[in-house]
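> have a look; sequence and predicted model below, questions after that.
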Amino acid sequence: MVPIAYEDIVKAPKALLHDHLDGGLRPATIVELAAEVGHELPHSDPDELGRWFVAAADSGSLERYLETFAHTVAVMQTEPALRRVAAECALDLAADGVVYAEVRFAPEQHLSRGLTLEQVVEAVLEGFAEGAELAAGTGRPVRIGTLLTAMRHAARSQEIAELAVRYRDTGVVGFDIAGAEAGFPPTRHLDAFEYLQRENFHFTIHAGEAFGLPSIWQAIQWCGADRLGHGVRIVDDITGDSLGRLAAYVRDKRIPLELCPSSNVQTGAAPSIAEHPIGLLRDLRFRVTVNTDNRLMSGTSMSREMALLVEAFGYGWAELQWFTINAMKSAFIPFDERLAIINEVIKPAYAKLL
Ligand SMILES: O=c1[nH]cnc2c1ncn2[C@H]1C[C@H](O)[C@@H](CO)O1
Ligand SMILES: [Zn+2]
């Protein structure tokens with residue numbers, strides 16, 4: 001088999017379901033925005049700052065990994081800053097060959113300088129639209145769907161769920177909960193999830209990352225999650241190729257796993273890329289997708305995550321197409337729009353590569 005070149009992975013269309021807006025800022029943008037608002041950073045040189053984020057996030061603990069977000073959230077507190085960060089996010093994803101992305105962020109974390117939840121959401125949606133238009137102009141079209149996240153340690157999930165539904169026709173395609181997992185089970189937010197189900201809305205839940213099977217079980221069987229954010233600990237219910245009841249349910253129902261290899265290694269959810277459960281889960285034909293989680297904290301991109309898997313598991317174009325179509329099938333946009341991207345963008349491009 002001819003080895004896959006990195007530039008070819010960049011050119012191939014990719015779909016991304018799990019990427020945090022506040023985990024993907026350009027280091028140079030953080031430096032500029034921090035100077036404007038007088039926020040003190042660990043480094044004022046963009047390259048050093050970028051390295052600092054990766055090293056600090058390389059902590060082996062989700063809680064310590066999350067502490068690094070204080071510096072990105074601090075500079076995302078005004079409408080121009082939010083618009084800029086969102087526009088640059090769309091441009092960076094498009095330049096990396098991502099054709100469809102769901103990007104999430106927690107509006108409640110962007111209110112410290114007086115913005116309302118609505119102003120925050122509208123600024124981000126405007127930024128994505130602006131970035132996507134610029135990207136299309138450079139011949140690199142990307143479609144961005146926005147997910148609104150509620151922080152699981154806080155108590156605003158119902159309010160954020162209602163906010164997401166209010167913006168469902170203007171770019172918000174789903175809801176999520178994130179933050180420290182241990183001690184904050186999904187059922188704390190059951191009211192919000194039941195509300196979303198009654199509204200026929202879509203949601204994913206960060207579960208099975210820093211906590212194991214009970215978190216995944218609650219996310220699916222109590223809360224009704226459409227997808228699992230990470231979900232990597234589902235391997236705790238698999239022995240050899242024998243599946244426990246929960247793992248069998250997840251596979252039988254084709255519940256998508258939003259796996260994030262580099263992030264998992266940094267937080268200690270997986271020992272290394274080569275030992276990441278994605279290899280086993282793919283072999284067992286779970287609905288596996290590949291994601292970036294936080295491009296800044298992991299110093300990564302969608303192409304880099306794919307390249308790491310190619311290197312560790314010997315994957316070829318067939319597997320990369322499979323991951324990409326899995327993601328597109330699992331997206332929160334309407335079925336006909338998903339199908340159009342699969343048939344008109346993804347399959348024709350991979351047909352030339354396979
Ligand atoms: O991988 C993660 N697990 C749990 N929470 C996370 C992860 N990555 C980012 N977050 C948190 C930190 C952000 O401030 C928040 C909203 O994007 O979501
Ligand atoms: Zn995440």
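Noted; the coordinates are in hand. Ligands and ions are numbered 1, 2, ... in the order given.
> ranges for the strands of the protein?
Taking DSSP state E as the test, the strands found in the chain are 14-20, 98-105, 143-151, 172-178, 204-207, 227-230, 238-239, 242-243, 257-259, 288-290.
> how far does the first one sit from its chain's centre?
Spelled out, that is strand 14-20. Using C-alpha atoms, centre = their mean, to the nearest Å, the mean C-alpha position of strand 14-20 is found 5 Å from that of the whole chain.
> and the second one, by the same measure?
Average the C-alpha atoms of strand 98-105, do the same for its chain, and the two points are 7 Å apart (C-alpha atoms, centre = their mean).
> what's the angle between it and strand 143-151?
If you take axes from the mean of the first three to the mean of the last three C-alpha atoms, to 10 degrees, strand 98-105 sits at 20 degrees to strand 143-151.
> who are the packing partners of strand 98-105?
strand 14-20, helix 79-95, strand 143-151, strand 172-178 (3 or more C-beta pairs under 8 Å, 6 or more residues apart in numbering; DSSP states H and E). For the C-beta atoms, the positions are set from N, CA and C on the backbone; glycine is no exception.
> what pairs with it, parallel or antiparallel?
Using DSSP bridges, the strands paired with strand 98-105 are strand 14-20 (parallel), strand 143-151 (parallel).
> which bits of the chain sit near ligand 1?
20, 22-23, 62, 66, 69, 73, 104-106, 109, 149, 178-179, 206, 209, 263, 293-294 (C-beta under 6 Å from any ligand atom).
> for ligand 1, what is the nearest residue in the stretch 151-300 of the chain?
As assessed by C-beta to the nearest ligand atom, ligand 1 sits closest to residue 178 within the stretch 151-300 of the chain, at 3.4 Å.
> against residue 79, how distant is that residue?
Going from residue 178 to residue 79 by C-beta to C-beta, to the nearest Å gives 23 Å.
> state the pLDDT value of the residue nearest to residue 9 when sequence neighbours are not counted.
Nearest in space to residue 9, with sequence neighbours left out and distances taken as C-beta to C-beta, 6 or more residues apart in numbering, is residue 303 at 4.6 Å. For residue 303, the model assigns a pLDDT of 98.
> cool, the one 5 residues further on as well?
At residue 308 the predicted local confidence, pLDDT, stands at 98.
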